[in-house]
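Engineer: model the structure of this input:
(one chain, ligands or ions: 1)
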Amino acid sequence: MDPTVILGAGLAGLSAAHFLQRPWRLIEKSDRVGGLIKTEVIDGCYFDPTGHWLHLRDPEIRELVNTRWLPGQMVSIQRKAAVFSRGVFTRFPYQVNTHGLPPEVVAENLVGYVDAIYGEKGRALRERDPRNFEEFILRYMGEGFAKNFMVPYNQKLWTVHPRELSAAWVGRFVPRPSLKEVVDGALGVGSDALGYNASFLYPREGGIESLARAMLRGLQGGELSVRTEPTAIDWQARKLTLSDGRTLGYSELLSTLPLPYLVRLLGQGASGVPDEVRAAAGRLRATTVTYVCVGARGENRQPWHWIYLPEPEFTTYRIGSPSAVYAPLAPPNTATFYVEYSHHGELSPGQCEQLAVEDLVRSEMVHAAGDILFTRAVEIPHAYVLYDEAYGAAKAEILRFLEHARILTAGRYGQWEYSSMEDAILGGRACAQAINAR
Ligand SMILES: O=c1ccn([C@@H]2O[C@H](COP(=O)(O)OP(=O)(O)O[C@H]3O[C@@H]([C@H](O)CO)[C@H](O)[C@H]3O)[C@@H](O)[C@H]2O)c(=O)[nH]1
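Structural biologist: Now for the predicted structure:
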């Protein structure tokens, strides 16, 4: 019997191979497993593809990580994240930590919140579901928070105004504060533990890629091919053509590849894809994130693990610091940073490197440009999928066809969604369980 073929050996693909109870074949384009959690080492400094901090909710996944994949190898870290605006650092999340901002900004945020939640001004939005992300912000946070943080920050992150996005992605990622939390935060007596990532796990050694390596070490019942990718998929014949020219039959197919790319591969196979599916794939949009890895002379100047930068004076939307999160990620007397830029190809790697130096110095994360030891820009295509007007219908059209073609998808790319590392592991598990039950 042909194996179950899994395309892509990132977290979702590795998880699927772990949970499958029948022979599998894992096909990976790169020279090693890990996908978006491959850690690069530059001059002794460890860089993940931006912040990959592990927050786990599912008891089975927590158990697997802590006792099977990386037993005794995870350190637990309390988040220290901030927002840099109006020249001051305030704690993350912004909406429950306005203490320290100029009084007129605190007042604007508070009055806007009260209007939205209790006042006449917010009544219309309270009486129906938000039609877009801007309405979600106004409904749950009000005009002040919208103006002073949520709209400008999200416009940079998503590259479009929040009114062009739905709120379908917000889930646990965007905190909706209570009155008490907002007031406590304005007075500086709030809790530090709000939000989905108040504490997180991180491997003691080797960066986040250690998790992928550990998962690979535990796999049984299948075979991994690296430096191999499909060039066409014939879904009726259940065959893949591979980059080395061979064909590979499959009994079940699970893809973690970017959804539009999977549709292209199906179009290149003998069975083809209907025009409307191809057109739907053409309507899916995502941002590219370029993150610039930076090493700087001296200890971290700020304690922050990462900071959000809503103001347009900064091109970056967020700066993180691996060395601040976990000191062994950099040699002594060296601070490291990842500086993130969201765009659609208009920013070259060289431009991002130059901007990163300026943004680091102006945000007071680094003392002076002369302290920078190196910069290296890395691009992540399809980093944030856009939940725009076309998203829901286009994705549904593609998934309907994939169900007909008996192809499963998992992971941030495969499901074309905004999700976490744990979601990728859970997605792989769900697909494996569905296949096991067939
Ligand atoms: O003060 C704030 C800041 C942001 N938001 C909203 O939260 C949304 C999610 O932000 P974030 O959690 O940073 O998003 P992301 O999925 O990129 O997070 C990953 O990165 C790390 C860490 O944040 C940085 O390394 C995190 O652990 C990962 O999951 C954002 O879109 C804002 O709209 C807010 O409400 N208040």
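Engineer: assign V83 to helix, strand or coil.
Structural biologist: strand (DSSP: H, G, I helix; E, B strand; the rest coil).
Engineer: tell me the bridge partners for it.
Structural biologist: T90, Y308 (DSSP bridges).
Engineer: ok, now which ones touch it?
Structural biologist: F89, T90, R91, F92, Y94, N97, F149, I307, Y308, L309, P310 (CB atoms under 8 Å, 6 or more residues apart in numbering). Glycine gets a C-beta too; all of them are placed from N, C-alpha and C.
Engineer: model confidence for it, exactly?
Structural biologist: pLDDT for V83: 98.
Engineer: then the one 5 residues further on?
Structural biologist: pLDDT, V88: 97.
Engineer: now distance to R32 and neighbour count too, for the contacts of V83, in TSV please.
Structural biologist: What follows is the contacts of V83, written out as TSV (distance: CB to CB, whole Å; neighbours: other CB atoms under 10 Å):
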residue	distance to R32	neighbour count
F89	37	19
T90	40	24
R91	37	22
F92	33	24
Y94	38	24
N97	40	26
F149	39	25
I307	31	25
Y308	32	23
L309	33	24
P310	37	23
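Engineer: got phi/psi on A405?
Structural biologist: phi -80, psi 0 (degrees, to the nearest 10).
Engineer: can you verify my assumption that it contacts L265?
Structural biologist: No. Between A405 and L265 there is no contact under CB atoms under 8 Å: 11.5 Å.
Engineer: who's more crowded, the two?
Structural biologist: The neighbour comparison of A405 against L265 (other CB atoms under 10 Å) goes to L265, with 21 against 17.
Engineer: any idea of the pLDDT on the spatially closest residue to G51 that is not a sequence neighbour?
Structural biologist: Closest residue in space to G51, ignoring its immediate chain neighbours: G320 at 4.6 Å, by CB to CB, 6 or more residues apart in numbering. Note for G320: predicted pLDDT of 98.
Engineer: try F149
Structural biologist: For F149, pLDDT reads 98.
Engineer: tell me the secondary structure of it, please.
Structural biologist: Taking three-state DSSP, the label given to F149 is helix.
Engineer: surely it meets Q95?
Structural biologist: Yes. With contact defined as CB under 8 Å, F149 counts as touching Q95 (7.4 Å).
Engineer: helix, strand or coil for the closest residue to E108 other than its chain neighbours?
Structural biologist: Excluding the flanking residues, the one nearest E108 by CB to CB, 6+ apart is G144, at 3.9 Å. Following three-state DSSP, G144 is assigned to helix.
Engineer: so what's G144 up against?
Structural biologist: V105, A107, E108, N109, L110, V111, G112, Y113.
Engineer: what helix or strand is the first one located in?
Structural biologist: Looking back up the chat, that one is V105. Using DSSP states H and E, V105 maps to helix 103-117.
Engineer: starting at the chain centroid, how far to that helix?
Structural biologist: 30 Å (CA atoms, centre = their mean, to the nearest Å).
Engineer: run the angle between that helix and strand 81-85 for me.
Structural biologist: 110 degrees (axes from the mean of the first three to the mean of the last three CA atoms, to 10 degrees).
Engineer: and the contacts of helix 103-117?
Structural biologist: Here helix 103-117 has contacts from 86, 95, 98-99, 101, 121-122, 125-126, 138-148, 177, 179, 182-183, 186, using CB under 8 Å, 6+ apart.
Engineer: the helix or strand that it is followed by: which residues count as buried?
Structural biologist: Next along the chain after helix 103-117, taking DSSP H and E as the criterion, comes helix 123-126. Across helix 123-126, burial judged by 16 or more other CB atoms under 10 Å covers L125.
Engineer: next: stretch 293-307.
Structural biologist: C293, V294, G295, A296, N300, R301, Q302, W304, H305, W306, I307.
Engineer: can you tell me the SS state at the third one?
Structural biologist: So that's G295. strand.
Engineer: phi, psi of V385?
Structural biologist: phi -70, psi 140.
Engineer: does R376 sit in a helix, a strand or a coil?
Structural biologist: Criterion first, three-state DSSP; result for R376: strand.
Engineer: quick check: it vs T290, distance?
Structural biologist: 11 Å (CB to CB, to the nearest Å).
Engineer: swap in Y140?
Structural biologist: From Y140 to T290 the distance is 31 Å (CB to CB).
Engineer: show me the helices in the stretch 201-350 of the chain, by range?
Structural biologist: In the stretch 201-350 of the chain, the segments counted as helices under DSSP state H, counting those that start in this stretch are 209-217, 259-268, 275-283, 322-325, 349-362.
Engineer: looking at the ones you listed, which is closest to G190?
Structural biologist: helix 322-325 (21.7 Å; CB to CB).
Engineer: more neighbours: which of R376 and T290?
Structural biologist: T290 (24 against 17).
Engineer: who in the stretch 101-250 of the chain is up against the ligand?
Structural biologist: N154, L157, F173, V174, P175, N197 (CB under 6 Å from any ligand atom).
Engineer: contacting residues for the residue of the chain found nearest the ligand?
Structural biologist: Proximity of the chain to the ligand (CB to the nearest ligand atom) peaks at G51, 1.8 Å away. Contact partners of G51, counting by CB under 8 Å, 6+ apart, are H305, W306, G320, V325, Y338.
Engineer: now with 10 Å?
Structural biologist: 81, 197, 200, 208, 291, 305-306, 318, 320-322, 325, 338, 340 (CB atoms under 10 Å, 6 or more residues apart in numbering).
Engineer: with distance to R62 added, can I get the helices of the stretch 201-350 of the chain in CSV?
Structural biologist: Listed next are the helices of the stretch 201-350 of the chain as CSV, based on distance: least, CB to CB, whole Å:
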stretch, distance to R62
helix 209-217, 13
helix 259-268, 29
helix 275-283, 35
helix 322-325, 20
helix 349-362, 35
